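Asks: sequence and computational prediction follow.
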Amino acid sequence: MSYAKGLKCRECGRPFPKQPLYVCEYCFGPLEVDYDYEKIRKDLTREKILSRPKNLWRYRELLPLDAKPEDGLDSGFTPLIRAKNLEKILGVKELYIKDDSVNHPTLSFKDRVVAVAISKAKEFGFDTVACASTGNLAHSVAAQSAVAGLKRYIFIPADLESSKIVATLIYNPNLIAVEGNYDQVNRLCSEIANKYKWAFVNINIRPYYAEGSKTYGYEIAEQLGWRAPRHIIAPCAGGSLITKIWKGLKEFKKLGFIDSLDTKIYAAQASGCNPIIAAIKEKSDIIRPVKPKTIAKSLAIGNPADGIYAVGTVNESGGTAEDVSDDEIIEAIKLLAATEGIFTETAGGVTLGVTKKLIEQGKIPKDESIVICVTGNGLKTQEAVVEKIGKPVKIKPNLDSFEQNLHHKL
């Protein structure tokens, strides 16, 4: 049974059928999935959620499939970790890491959205999937479409980190490296999507794909004992994740799964690509595109598709925004690894770096619950830190050599 009624325009509200559409033909606003919440309220309970396997499909009534999910059955329900060592460093009372760096199968939150996108593409009858990506989406589309038996075409900026290229090619997709930044890659993909009958997960399947990010928010609330935290800090690239975390929490409140929602949402970006943060700080409803220049390549989208909605999310929740330099990103990556044993990619360094800065500025209180979103694994972006960490101590294979070289630490 499907609980998705169809699509609707986020601007003018016009309804559309459940088809591979993503833009309103009347006002050119983006489309999103519209649900029958009364039907969901009757059929979905906390007890039913708790009885199901620990994956993203435990919330399937709130996701846009018409049939039983068959893909992404191991994706989602990643750990929510109490960061007690980091609490001491930052001087806060209650701090958690929502850790999608261990998501299945490709170690990022993109495994959530791709599980939904692949499932919906198969429902629509597509035999080929495609995407424009800065890395994590490429990995997940390549891996999950391989399991689903679909053909796949993946487009990336040609200057992407070599480790991310390897982590895509291993799944044997058609990988196309475009000589340009992500925004140029995405424009090309829009042209290709108009000509070829492919399911572009972040273009013509985007309204369905984006819904997978809501499960990140659902899980935070469930793992906190059916309550929402006071503060959530999330990284922004295209701006979709932060809006869907907020949408998911509002849905949980609407359905009575959480008693109250007084959460503030904070947007985090790198200083070298911060169009969303700039708009929030300027109190503007205009996103001014920028040319990305940052080590945080997974966030390097200069013209974010959901940027204005990310701004709206922050403002509606009463949060704010901040950006951090590349040096601050690296220091935050090292800090998270040294305190909590989590090796995050550069996006996680952005989120922790921004959290640290907002706490120091007094914008996030130290005595309230805080959740930091870590969305990808540091093994994907080792190039960013390889020159900023220590070197191994080389010794001879004997005790004297060990003691001579390590005497200052013994």
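Replies: Thanks, I have the structure now.

Asks: ok, Pro17 touching Gly6?
Replies: Yes: if you go by Cβ atoms under 8 Å, Pro17 and Gly6 touch, sitting 5.3 Å apart. Every residue, glycine included, has its C-beta placed from N, CA and C.

Asks: okay, the two: which has more neighbours?
Replies: Counted by other Cβ atoms under 10 Å, Pro17 and Gly6 do not tie: Gly6 has more neighbours, with 16 against 8.

Asks: contact partners for that one?
Replies: Applying Cβ atoms under 8 Å, 6 or more residues apart in numbering to Gly6 gives the contacts 15-18, 33-34.

Asks: endpoint to endpoint, stretch 341-348 covers what distance?
Replies: Using Cα to Cα, to the nearest Å, the end-to-end distance of stretch 341-348 comes to 13 Å.

Asks: which other residues reach that stretch?
Replies: Surrounding stretch 341-348, the residues in contact under the criterion Cβ under 8 Å, 6+ apart are 81, 97, 99, 101, 108, 136, 235, 237, 270, 294-299, 329, 332-333, 336-337, 352, 373-381, 384.

Asks: of the residues you listed, just the buried ones, PyMOL syntax please.
Replies: Buried residues within the contacts of stretch 341-348, by 16 or more other Cβ atoms under 10 Å, are selected in PyMOL with:
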select buried, resi 81+97+99+101+108+136+235+237+270+294+295+296+297+298+299+329+332+333+336+337+352+373+374+375+376+377+378+380+381+384
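
Asks: which of the contacts of stretch 341-348 fall within strands?
Replies: Mapping the contacts of stretch 341-348 onto strands (DSSP state E) picks out 81, 97, 99, 235, 270, 373-374.

Asks: between those, which sits nearest Arg58?
Replies: Nearest to Arg58 among the ones in strands among the contacts of stretch 341-348 is Asp99, at 17.9 Å by Cβ to Cβ.

Asks: need the contact list for that closest one.
Replies: Neighbour list for Asp99: 78-81, 342, 374 [criterion: Cβ under 8 Å, 6+ apart].

Asks: now the residues you listed in TSV, please, with extra columns for distance to Ser145 and pLDDT.
Replies: Below are the contacts of Asp99 laid out as TSV (distance: Cβ to Cβ, whole Å; pLDDT from 0 to 100):
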residue	distance to Ser145	pLDDT
Thr78	21	98
Pro79	26	98
Leu80	29	98
Ile81	30	98
Ile342	28	98
Val374	25	98
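
Asks: so the residue lying closest to Thr263 once chain neighbours are set aside, which state does it fall into?
Replies: Using Cβ to Cβ, 6 or more residues apart in numbering and skipping residues adjacent in sequence, the residue nearest Thr263 is Ala228, 4.6 Å away. Assigned with DSSP: H, G, I helix; E, B strand; the rest coil, Ala228 falls in the coil class.

Asks: right, and Ala228 touches Asp259 too?
Replies: No: counting by Cβ under 8 Å, Ala228 sits too far from Asp259 to count as a contact (9.1 Å).

Asks: those two: which has the busier surroundings?
Replies: The residue with more neighbours, out of Ala228 and Asp259, is Ala228; 24 against 10, by other Cβ under 10 Å.

Asks: check contacts around the more buried one.
Replies: When contacts are counted by Cβ under 8 Å, 6+ apart, Ala228 touches 220-221, 249, 252-253, 258, 260-263.

Asks: recalculate using a threshold of 6 Å.
Replies: When contacts are counted by Cβ atoms under 6 Å, 6 or more residues apart in numbering, Ala228 is found next to 221, 249, 258, 261, 263.

Asks: of all those, which comes closest to Lys197?
Replies: Nearest to Lys197 among the contacts of Ala228: Leu249, at 36.2 Å, using Cβ to Cβ.

Asks: so that closest one sits against Gly217, correct?
Replies: Yes: under the criterion of Cβ atoms under 6 Å, Leu249 makes contact with Gly217 at 4.9 Å.

Asks: and those two? which has more neighbours close in?
Replies: Between Leu249 and Gly217, counted using other Cβ under 10 Å, Gly217 has the larger neighbour count: 29 against 24.

Asks: isn't the more buried one right next to Glu251, touching?
Replies: No: contact criterion Cβ under 6 Å: Gly217 and Glu251 do not qualify, at 8.5 Å.

Asks: helix, strand or coil for Leu73?
Replies: Look at Leu73: counting by three-state DSSP, its state is coil.

Asks: for it, what are its contacts?
Replies: Asn55.

Asks: how much space between it and Ser2?
Replies: Computed with Cβ to Cβ, to the nearest Å, the distance linking Leu73 and Ser2 is 19 Å.

Asks: just Ser163 next, same as before
Replies: In terms of Cβ to Cβ, Ser163 sits 39 Å off from Ser2.

Asks: which one of the contacts of Gly6 is nearest to Ala143?
Replies: Nearest to Ala143 among these, with distances taken as Cβ to Cβ, is Val33, at 24.4 Å.

Asks: please, which helix or strand holds the closest one?
Replies: Using DSSP states H and E, Val33 sits within strand 31-35.

Asks: keeping just the C-alphas, turn the next helix-or-strand element following that strand into CSV.
Replies: Proceeding N to C from strand 31-35, the next assigned helix or strand is helix 37-43, under DSSP H and E. Extracted in CSV, the C-alpha atoms of helix 37-43 (Å, rounded to 0.1, in the frame of the first residue of the first chain):
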residue,chain,number,x,y,z
TYR,A,37,-0.9,11.7,6.8
GLU,A,38,-4.3,10.7,8.1
LYS,A,39,-3.9,7.2,6.6
ILE,A,40,-0.3,7.0,8.0
ARG,A,41,-1.5,8.1,11.5
LYS,A,42,-4.0,5.2,11.5
ASP,A,43,-1.5,2.5,10.3
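
Asks: list the contacts for Ala384?
Replies: Residues counted as contacts of Ala384 (Cβ under 6 Å, 6+ apart) are 295, 346.

Asks: got it, and the one 4 residues further on?
Replies: Counting by Cβ under 6 Å, 6+ apart, Lys388 touches Ile330.

Asks: sorry, back to before: name the strands paired with the strand holding Val33 and say parallel or antiparallel.
Replies: Strand pairing for strand 31-35, using DSSP bridges, gives strand 4-9 (antiparallel).
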